[in-house]
Each structure stands twice: as structure tokens, then as C-alpha cells.
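J.: Turn this into a structure:
(one chain, ligands or ions: 1)
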Amino acid sequence: MTNRRTVITGGSSGLGLALAHTLAADGDELVLIARNPAKLEAAAVEIRAAVKGARVSHYSVDVSDAQALQETFEDIIEQIGGIDLLINSAGVLREARFEDTTEATFRETFDINLFGVINCCRAALPSLKENSGTIVNIASMASHAGVYGYTAYCASKHALKGFTESLYFELKPQGVRVQLICPPEFDSPMVDALDEGRSPENMAQTQMVPKEPMDVIVRDTMKAIRSGQYHTIAGFNARLAGFAVQHFPGLTRKLGEKIVKKASRGAS
Ligand SMILES: NC(=O)c1ccc[n+]([C@@H]2O[C@H](COP(=O)([O-])OP(=O)(O)OC[C@H]3O[C@@H](n4cnc5c(N)ncnc54)[C@H](OP(=O)(O)O)[C@@H]3O)[C@@H](O)[C@H]2O)c1
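T.: This next block holds a predicted model:
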């Protein structure tokens, strides 16, 4: 049993919720953060039903609201005595061509996917330093490559990768571990919503790496948390794709271009 005190943003759904189940089984005391209070309560009930003796509390707060988040973390630290592990999984995804993506969408995406993580790291840091804790940022394969329809999302996830890389060097000497997880597309409510209206070009390009089941992403994320490895691309196919993008960028761009062109032709 780990007995860690773990805060998970986005803990009411998808990857955050799936990790919460596994960490509860490991013996962690959990605090889930998201906006929708009914979904948070449902998640806590689900975890308590699945894991006997699970300790789960939750806070309804928007991670992009720095002030509210600061107050939330103060309360969390008072309630559970400190934070050992912070998992930043809260995120949003809107797919549209750049010409159809409003400035408001760009700002919302950055406010949540980048500033939401920055706000949580800032608010949790004093306690993480005290407890030689760990920050796990859930980025994406979209942190490594561009994708049709993802100008806002990819930009926010590339920025999150840059933030995380820099934070690693600053916090390592202070005893705080920083980790970056980059999953490919996986089964989750986020992708269910995306599937309702995504462009054929986006579908074709993202499926160059086939969608992974949730348990593969949870397995590789937990492996990283247990081993302390800084950077993890989750899933074997995504690791291969990551290798190709890093070492053969011209080739993978050409392949992407071909796939997008074919999907556009098919659509028209
Ligand atoms: N699904 C994929 O294929 C995929 C692939 C690569 C990376 N990722 C990344 O993995 C992470 C989890 O994705 P997922 O698929 O599990 O998504 P999901 O099922 O849609 O869950 C997103 C979670 O984030 C919370 N959230 C969203 N905006 C928030 C805000 N402003 N403040 C607080 N909480 C907020 C949501 O709750 P509320 O709406 O109630 O706030 C929900 O709990 C995201 O960062 C995503 O970008 C996903």
C-alpha cells in the first residue's frame, strides 16, 4: 500500500478517473478536481464501490481560475495534511480548421490545457517540495506532432511539453519529480464527443496511430509513475510513431500530407 496523498485534476472522467481507480487500489488517498459536481460525486461513489476502504474526496473548481484553485489547494492541504502526487489530467479538445477556430476557442484551450496545469503546479508546489512529491502532466502525442484540425489543441499541448521540460530542470534539485505522459488517441468521453463531428482529415491523420484502449494508457502511465521515468509515450504503436516523427520528420510529414489529401478527396 502506497498511502500517497494524490490530487487528480480531471479525476471525474476518462483517464483521470481510470487512474484514480488504480491509485485507490494502491492505497492512495485521493482528491479529485473537475468542474461538474454531479460527475465528481458519481466518480467518488464509483471508486468507493470498486475499491473497499477507498479514501476519496472531491472539489468542484475550474483549473483555469487561479485564485479559486489556490484556495482549493489550501483547503486540500489542510484537510489531508499535504500532497505527494499531483496528476494534471484535466483538458479540453475542440477540433476545427484554423479558419473556423475562434480566438475564444484558442484562449479557452490554452486557459485549461496550459494555464490550468501551471495554476495547479503553482498551488501544489510548496507542499510537493515539503513532501519530495511528484507532478505528472498528461500531455499528448499532439505535443510532438501537428494534426489537421488541432491548431489550438496541438499548440496548447506543445506548450505544455515545453513548460514540463523546463519545470523538470528547476524542480529536480529541489527533490520534486516531474513527469510527462504523452498518450495517443484512446477510448474516452473526450473522443466520443470528438467522434460526433470531426473532419475526415482529422480522423484519417489521427488514426495513423490506431486508437488505444484505456487500459493500455493506464498501464503505461502507472509504469511511469512507479519507475519515475521522465517521458512516456503510452502504447507500442505510438512509441513507434514517436520514433518516426523524431528521426524522420520529413517522411512522416509527407505521409501525413498524403493521408490528409486522400481523406479530403474522399470527403468531396
Ligand atoms: N482522449 C484522448 O484520446 C487523449 C489523447 C491524448 C491526450 N489526452 C489528454 O488526456 C487528458 C484526459 O483526457 P480524457 O480523454 O480523459 O478527457 P475527458 O474524459 O473529457 O475528461 C476531462 C476531465 O477534465 C475535466 N475538466 C475539463 N476542463 C476542466 C476545467 N476547466 N477545470 C477542471 N476540470 C476540467 C473534466 O470535468 P468537467 O468537464 O466536469 O470539468 C473531466 O473530468 C486530457 O488532458 C487530454 O488532453 C487525451
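
J.: The residue in the stretch 1-150 of the chain that the ligand sits nearest to: what's it in contact with?
T.: Of all residues in the stretch 1-150 of the chain, residue 14 sits closest to the ligand, at 1.9 Å by Cβ to the nearest ligand atom. Where C-beta positions appear, they are placed from N, C-alpha and C, glycine not excepted. The neighbourhood of residue 14, defined by Cβ atoms under 8 Å, 6 or more residues apart in numbering, consists of 89, 188-190, 214.

J.: Quick one: the strands in the protein, in order.
T.: Remark: strands assigned in the chain by DSSP state E are 5-9, 29-34, 55-60, 85-88, 134-138, 177-182, 231-233.

J.: that older thread, between the contacts of residue 14, which has the most around it?
T.: For the contacts of residue 14, counting by other Cβ atoms under 10 Å, the largest number of neighbours falls to residue 89: 24 neighbours.

J.: which residues does it contact?
T.: 8-11, 14-16, 19, 138.

J.: related to what we said a few turns ago, relative to residue 233, how far out is the residue nearest to the residue of the stretch 1-150 of the chain closest to the ligand when sequence neighbours are not counted?
T.: Using Cβ to Cβ, 6 or more residues apart in numbering and skipping residues adjacent in sequence, the residue nearest residue 14 is residue 188, 3.6 Å away. Here the criterion is Cβ to Cβ, to the nearest Å. By it, residue 188 lies 17 Å from residue 233.

J.: The stretch 51-200 of the chain against the ligand: which residues are in contact?
T.: Contact residues (Cβ under 6 Å from any ligand atom) of the stretch 51-200 of the chain with the ligand: 62-64, 89-93, 112, 116, 138, 140, 183, 185-186, 188-191.

J.: Only the buried subset of these, as a PyMOL command please.
T.: Applied in PyMOL, the following selects the buried portion of those according to 16 or more other Cβ atoms under 10 Å:
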select buried, resi 62+63+64+89+90+91+92+93+112+116+138+140+183+185+186+188+190
